[in-house]
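[1] what would the 3D arrangement of this be:
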Amino acid sequence: MLVVDGEASLADLLCGALRYEGWLTLSAGDGAAAVRGAREFRPDAVVLDVLLPDMDGPAVLRRIRADLPGVPVLFLTAKDSVEDRIAGLTAGGDDVVTKPFSMEEVVARLRGLIRRTGGSAAQRRGRVLARPASELVVGDLRLDEDSHEVWRGEVEVRLTATEFELLRFLMRNPVRVLSKAQILDRVWNYDFGGRANVVELYISYLRKKIDAGRVPMIHTRRGAGYLIKPGA
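    Here you go, the predicted model:
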């Protein structure tokens, strides 16, 4: 699920609610990031704010639909008038929700959109995401949060407790660049100060176990951090 909103706090709340419902999520704060994210992440649906810092929602929608013609789009608008709702639908949106809204309403609207468009994009591509609820899936990599089992394709991958937590954090945020500071805070729960190279060390451990002899999934963005995405 791709969530596009210029207000970072709202995007984070939406992503949290959608992850709780079992969807993998990616957030974007502007139109350019949304287009890039849609191209790489290929979401089941898009939650798209009408007003963004660099371009308006309908322009973003046109560019996303150039790559993903059938992806359902739920517009978010701060205006509550019939004309604005009609404008959103006329621009190509599948549904419109007015701010402020309840998370339950957004979830219900998205489920309806996905049902009407014939199931999730992952199901149509033969790649199942987050089933069962305890399982995270990115490409052919599966992680079970309950059993702590990890599989790359049909091969089980044995991880230490810290490697597992690092991989889980990456897989909960697919195609999103995570900084060393974010990883330290989430996986180690405190600041390592000058020893941030512990992240590099554990990323190298994961690469040897996850990517060795296979299409790489764990990537470095120099000066920014690390991300995981399906192998090409």
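[2] can I assume residue 141 is in contact with residue 215?
    No - Residue 141 is beyond contact range of residue 215, at 10.7 Å (criterion: C-beta atoms under 8 Å). Placement of C-beta: from N, CA and C, glycine included.
[3] tell me which of those two has more neighbours.
    Taking other C-beta atoms under 10 Å, residue 141 and residue 215 do not tie; residue 141 has more neighbours (24 against 10).
[4] who's in contact with the helix or strand hosting residue 106?
    Secondary structure from DSSP states H and E places residue 106 in helix 103-116. The contact list for helix 103-116, computed with C-beta atoms under 8 Å, 6 or more residues apart in numbering, reads 1, 13-14, 17-18, 21, 44-45, 47, 72, 74, 94-95, 97, 120.
[5] for that helix, the distance to its chain's centre please.
    Taking C-alpha atoms, centre = their mean, to the nearest Å, one finds helix 103-116 lying 17 Å from the centre of the chain it belongs to.
[6] what about residue 205, how many residues nearby?
    16.
[7] that one in helix, strand or coil?
    helix (DSSP: H, G, I helix; E, B strand; the rest coil).
[8] can I see the domain layout of the chain?
    2-118, 135-228 (the TED database).
[9] what about the longest one, average pLDDT?
    Going back to what we said before, that points to domain 2-118. The average of the pLDDT scores along domain 2-118 is 83.
[10] can you confirm residue 216 is in a strand?
    No - according to three-state DSSP, residue 216 belongs to no strand; its state is coil.
[11] drop anything exposed from the contacts of helix 103-116.
    1, 14, 17-18, 21, 44-45, 47, 72, 74, 94-95, 97, 120 (16 or more other C-beta atoms under 10 Å).
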